[in-house]
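Visitor: Give me a 3D structure for the following:
(2 chains)
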Amino acid sequence: MAKRIAIVEDEPSIAENYRDALVQQGYEVSLYPDRRSAMQAFDQVLPDLALIDIGLGDEVEGGFELCRDLRSRSKTLPIVFLSARESEFDKVSGLRLGADDYLTKDISLPHVLARIVALFRRIEALTQPEAEEEIIERGKLTLNKARMTVAWEHQPLDITVTEFWIIRDLARYPGQVKSRQQLMEAANVILDDNTITSHIKRIRKKFQAIDDEFDAIKTAYGLGYRWHL
Amino acid sequence: MTLKKQLVCVSLLLLSLPWAGCQYLKEMDHSLRLGQEASLKATTEVIAQALAQTPAALLPQGDYPAPEALTAKSGFYCYPLKGSIWVDGYDEEWRDVPWTLFQSAEGLHSSKYRCVISGDQLGLFFSVDDGQVIYNNPARSLASNGDRLIVAAGAGREYVFTAVAPGSVTARYFTEQGETYRESRIDAVWMDRSKGYQLEIKMPLSLAQGQLDYRVVDEADNKISHYGPLLENGTPPRFVYQTPAARQAIMPFIQPGLRLRLLEPGGLLFASAGNPEAQGSQQSHWLLSRFYRALLVSSRQDRPAYPDGVDFSEREEVQAALAGQTGRSWYRDSQRSSHQILTMAAPVIHEGNPVAILVAEQSSEQTAGLTDQAFSRLFLLSFAVISLTALGLLAYANWLSWRIRRLNRAAQQALVDPKEVVDRYPTSFANDEIDNLTRSYSALMKRVHDYTDYLQTLARKLSHELRTPLAVIHSSLDNLTNQALDEPSRVYQQRAKDGALRLGSLITAMSESRRVEESIEQAELERVNIAALLLEITEAYRDTYQQCRFKLTGFDKKAVAAEQNVLMAAPDLLVQMLDKLVDNACSFTPPDGTVEIRFDAAADEIRIAVSNDGPLLPEAMQSQLFDNLVSVRESNGGRSHLGMGLHIVDLIVTFHQGSVVAANCPDDAGVVFTVTLPRSSGRA
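Guide: Sure, this is the predicted structure:
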């Protein structure tokens, strides 16, 4: 059965382009131009994944409202923000509201597709037995590729898909310096260096929340980052 | 010149106030003098007329020859002597009495005398130069041989003094019949002195009979010569002395500050009373008084000094009086240079003849005292007015310049930190031009600020607004990839994609500064070894910018870990800052040029200097270099400069509470950017 994806986007051209691309990948896509119509539809049935723009018509933060609403209905429903806004504040707000990822609109369609696939895979992996999972262990770090989960000293970290990919790329070859460009490619995003920096910072914080002594991610000034065992 | 100094200069004009006051005082002084002259003239004339009613008092006692019988210009003057005359041939008691000199026309003979009055006694003291004194030989005659001195009195009487030896001599006279008589009422003593003799005579005043003179008879080499003021067979001039009667006559007219003098028609003084200085007039402070007089006197220095002496005949006013007019003169007081003496002379006319001349003298102090007080009041008043006005002006200037300074400060602050200023423009309640200027300034700055703000947010807004249509293009092109297209269409699709990607990166760059600001907001300081950071990052730059040579100097590479190289900082931001500086440096460096990164750890700060060869900074734009969207140098790479790099550097440096300075190298070979980071960052 095809996965159902709901795109809530007030810009019809984008919505339709995304729909075309996703339909081609075999997804079932429904478009909603505003929050009200989306909510009406979600009252009937929840989609398998929601792609939400933050600014919806007159509602400047309609997407946030929608996200909160959806999250209250389903803890597991993958929600991805897709916005022209690129400020850290919006990103943090979006992720705090329980979104699984935050994409800016300059991301390319293949990247969007890759993320959607990844999200679905994570959902699936969570429902499957653990035996089949591909697990990378680096010291205290445990990385579950299929479930896209990360644990430090066996305590799970709450991370986004982008963060998972960055951690995985770094941890796969400890000691090797990964440039920001490489990390971007690994995370299937086109971001500026700065955003990678703030991602790294956020990742470090998440680890440090578990372990004060955490310093496995080293900065190679001017080059990038490396995983240090 | 500051506003304050300018106003002080302008207020110097106030000094014209006392100047004008002084001019007025001079005028006043002048008219007061005229008034004084007029009143003194009236007084003098009235007194002269009053004196003319009692001419007897003015004339010496005894027989008095009619004036026309005398030579107008001469007179035998006798001074009053205090104390009595002691006839001993020496002149101890005469010391204060002035000599009257006589010299013969050929200059061969000279003699001098003193004449005094003491009570009713007349004293004479002669000093005669005589190379060879020949004494009287009483055997030949009693009084007509030997050196002798003849004193002529009135009524043709001539007393002969001749000595047989030094000591007492007897006065003798000849009658018309040629008989010789002695006059026993006359005491006389003859004393020799070197080259001459001296003779002291004391006789009753009455013997003079109103006329007196003398001549010397010198007998030498059997030759007898007569010489002296009195010629042989001449009429002796009037004998003039100060009589108590005359003094009594003028006494009633004396008033304070008035001196009256009576002159006989020949111009010799015979009565004097009073004092020209008014006593006890209120004096202002001596300094002021001196100052004031110096001010007035400067114009009167040319006045003649007051002549001392008893002979007034040469005086201008006396000559006018002799001619029958009232004369007037001003004299400088020879003792007190600031004082003047006004002299008025009027003839006392009795029965058509001038019997005497009345001279009235008054000091200028009479009026000066008045103007002096006016002057001191004027001085105090104008001093108070000037001080008050000057203080007021000064305060006003201070207030004005304070307001202008405040405005200036605000304007300068606006240049330094445009965001802070708009609401802080000084306002005042004075609804004047400065206030208007302030308001206009405020409005202007606000508009400039809005505009700058608009410019700075424009990039962000643009990037935000452009992102959605760009997303449409991107997604459309991505979708097109999955469509069956012929080869040329693929090429075009690829080109469109490339274009869209470049557009995307441009938009990203446009909002870069905003993102840096955001990351600064979230930045946290940690201990960073700057030297190690530089070492590491320079290696990276060597890879990235192959066209430039990098040189890292300023520290010992073996002692990188030294504590002095450590600073509390946000390493990511520092790297970003260095990225921008190095990118900037490399883009202006000619191929194979050198970029030098210099590290300098001082006691309280760390300096990082990035210098490069290449074009210099234009002088005009240096202050704006670190503003957003400003690009001042010609790049060599043909890459577009949005002018954000250095603005980001500035943001990061400001976050670290440091400073960044751009300057041309001392040798003008290129440009150096120096970042100074303090060790004691308040955020640490």
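
Visitor: which SS class is the residue in the stretch 51-200 of chain B that chain A sits nearest to?
Guide: Of all residues in the stretch 51-200 of chain B, B:Asp96 sits closest to chain A, at 115.0 Å by Cβ to the nearest Cβ. For the C-beta atoms, the positions are set from N, CA and C on the backbone; glycine is no exception. Secondary structure, DSSP: H, G, I helix; E, B strand; the rest coil: B:Asp96 is coil.

Visitor: so does the lowest-mean-pLDDT helix or strand in chain A get close to chain B?
Guide: When the helices and strands of chain A are scored by mean pLDDT, DSSP states H and E, helix A:88-96 comes last with a mean of 77. Yes: counting by Cβ under 8 Å from any Cβ of the partner chain, chain B has neighbours in helix A:88-96: A:88-89.

Visitor: What mean pLDDT does whichever strand in chain B runs longest get?
Guide: Looking across chain B with DSSP state E, the single longest strand is strand B:180-193. Strand B:180-193 shows an average pLDDT of 89 in the prediction.

Visitor: what helices or strands is it leaning on?
Guide: With contacts taken as 3 or more Cβ pairs under 8 Å, 6 or more residues apart in numbering or on different chains; DSSP states H and E, strand B:180-193 sits against strand B:158-162, strand B:167-174, strand B:196-204.

Visitor: at 10 Å what do you get?
Guide: If you count contacts as 3 or more Cβ pairs under 10 Å, 6 or more residues apart in numbering or on different chains; DSSP states H and E, strand B:180-193 packs onto strand B:121-129, strand B:148-153, strand B:158-162, strand B:167-174, strand B:196-204.

Visitor: so who does residue 96 touch?
Guide: I went with chain A, as the question did not name one. A:Arg96 makes contact with A:64, A:67 under the criterion Cβ atoms under 10 Å, 6 or more residues apart in numbering or on different chains.

Visitor: Sorry, I should have been clearer: chain B.
Guide: B:79, B:81-82, B:114, B:116.

Visitor: Just read off the phi/psi values of it.
Guide: Phi and psi for B:Asp96, reported as degrees, to the nearest 10, are phi -80, psi -10.

Visitor: what about B:Thr235, how many residues close to it?
Guide: B:Thr235 has 16 neighbouring residues, counting by other Cβ atoms under 10 Å in any protein chain shown.

Visitor: Also A:Ala15?
Guide: By other Cβ under 10 Å, neighbour count at A:Ala15 equals 22.

Visitor: For chain A, which segments are assigned as strands?
Guide: For chain A, applying DSSP E gives strands covering A:4-8, A:28-32, A:49-52, A:79-83, A:101-104, A:135-138, A:141-144, A:149-152, A:155-157, A:177-179, A:217-220, A:224-227.

Visitor: Tell me which of the ones you listed lies nearest to B:Tyr90.
Guide: Taking Cβ to Cβ, strand A:217-220 is the member of those nearest to B:Tyr90, at 128.1 Å.

Visitor: What helices and strands are in contact with that closest one?
Guide: helix A:161-172, strand A:177-179, helix A:193-210, strand A:224-227, helix B:530-544, helix B:571-588.

Visitor: quick one: strands adjacent to that strand?
Guide: Applying DSSP bridges to the sheet, strand A:217-220 is found paired with strand A:224-227 (antiparallel).

Visitor: just to revisit the earlier point, pull up the pairing partners for the longest strand of chain B, direction included.
Guide: Sheet pairing here is set by DSSP bridges, and for strand B:180-193 it gives strand B:167-174 (antiparallel), strand B:196-204 (antiparallel).

Visitor: C-alpha coordinates for the shortest one, CSV please?
Guide: It stands for strand B:167-174. Taking Å, rounded to 0.1, in the frame of the first residue of the first chain, the C-alpha atoms of strand B:167-174 are listed here in CSV:
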residue,chain,number,x,y,z
GLY,B,167,84.5,144.1,62.9
SER,B,168,81.9,146.7,63.7
VAL,B,169,81.5,149.5,61.2
THR,B,170,79.6,152.7,61.6
ALA,B,171,77.0,153.8,59.1
ARG,B,172,77.5,157.3,57.9
TYR,B,173,75.6,159.5,55.5
PHE,B,174,76.3,162.8,53.8
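
Visitor: How about residues contacting that strand?
Guide: Contact with strand B:167-174 is made by B:87-89, B:136, B:142-144, B:148-151, B:153, B:156-164, B:179-191, B:199-201, B:203, B:207, as judged by Cβ under 10 Å, 6+ apart.

Visitor: Filter those down to the buried ones and hand me the PyMOL line.
Guide: Buried residues within these, by 16 or more other Cβ atoms under 10 Å in any protein chain shown, are selected in PyMOL with:
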select buried, chain B and resi 87+89+136+142+143+144+148+149+150+151+153+157+158+159+160+161+162+163+183+186+187+188+189+190+191+199+200+201+203+207
